[in-house]
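Asks: sequence? don't have it. structure:
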């Protein structure tokens, strides 16, 4: 599969988002493990997770543990797999989301994530979402300490503005390697952040790159241009959407969520789908 760069590590151009395997409506663990194994078989070397990817209040880190179990039971070589996890966003168990960006909390959360993942150092750790009650620089300062202590190998941020990207990179002393924001055919608000990442050489990881859970299947019908291009190539609209995102900049690495082997197997084919300049113009204007 086509490769892209996150910091010092080369990864597959399409990653796997683990969230759908752990929240409401999640499948049985056996199917989730099979999905992760299918992704690895297809050449995926980036798996995205977070300690907040869980359903019930008493199962923080459910998705991290699931991924660790799947990697541990995989028969192939996983040395090149980068697991990216996040901290600072919480789910109390009632379906809501809250923030905790206190440095002391983030440092403990990262160490707990490393333990669940079964690693000495987390490959990529990202501050999940800004906490309005904590100075952003203070939260990012926790990432600096985690890097310096060797708890994490690389640092990133999520749900960030251009100003926050620059602030984080400054606090990190130029060591910011990734920004994970929502971006899809239906949600292009983060295009400015994507373009800024391209200008400074920081990887941009679109979350919900197909529109989100329950909406990916409607992509072709709700966005005619994507459906038309898909029909012309004999592929799924989802592949077209991911190929379009990859074409926006060489720092883009989409992380579509999946809970079935067929979904991620289809998604990874987007890395080899070549769209014409005319098609890209039509998709950009859609």
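Replies: That came in fine, so what should we check first? Computed from a predicted model, the values in this text were never measured in an experiment.
Asks: Over to the nearest residue to residue 62 once chain neighbours are set aside: give its phi and psi.
Replies: In this structure, residue 62 finds its nearest non-sequential neighbour in residue 54, 3.8 Å apart by Cβ to Cβ, 6 or more residues apart in numbering. To be clear about C-beta, it is placed using only N, CA and C from the backbone, and glycine gets the same treatment. For residue 54, the backbone dihedrals (degrees, to the nearest 10) come out as phi -150, psi 170.
Asks: Help me confirm that residue 54 comes into contact with residue 19.
Replies: No: using Cβ atoms under 8 Å, residue 54 is not in contact with residue 19, being 9.7 Å away.
Asks: what's the burial count for the closest residue to residue 123 other than its chain neighbours?
Replies: Spatial nearest neighbour of residue 123, excluding adjacent residues (Cβ to Cβ, 6+ apart): residue 82 at 4.6 Å. By the criterion of other Cβ atoms under 10 Å, residue 82 has 20 neighbours.
Asks: so residue 82 bridges to which residues?
Replies: residue 46 (DSSP bridges).
Asks: Next one: it from residue 49, what distance?
Replies: The gap separating residue 82 from residue 49 is 11 Å, by Cβ to Cβ, to the nearest Å.
Asks: what does residue 230 give?
Replies: 29 Å.
Asks: Between those two, which has more neighbouring residues?
Replies: Per other Cβ under 10 Å, whichever of residue 230 and residue 49 has more neighbours is residue 49, with 28 against 20.
Asks: hang on, isn't the more buried one packed against residue 87?
Replies: No: look at residue 49 against residue 87 with Cβ under 8 Å: they stay out of range, at 10.8 Å.
Asks: Tell me the secondary structure at residue 226.
Replies: Taken by DSSP: H, G, I helix; E, B strand; the rest coil, the conformation at residue 226 corresponds to helix.
Asks: next one: residue 262
Replies: Residue 262 - assigned by three-state DSSP - is helix.
Asks: Now for the residue nearest to residue 62, how many residues are close by?
Replies: When neighbours are defined as other Cβ under 10 Å, residue 54 has 23 of them.
Asks: Next up, the contacts around it.
Replies: When the contact criterion is Cβ atoms under 8 Å, 6 or more residues apart in numbering, the partners of residue 54 are 22, 23, 60, 61, 62, 63, 91.
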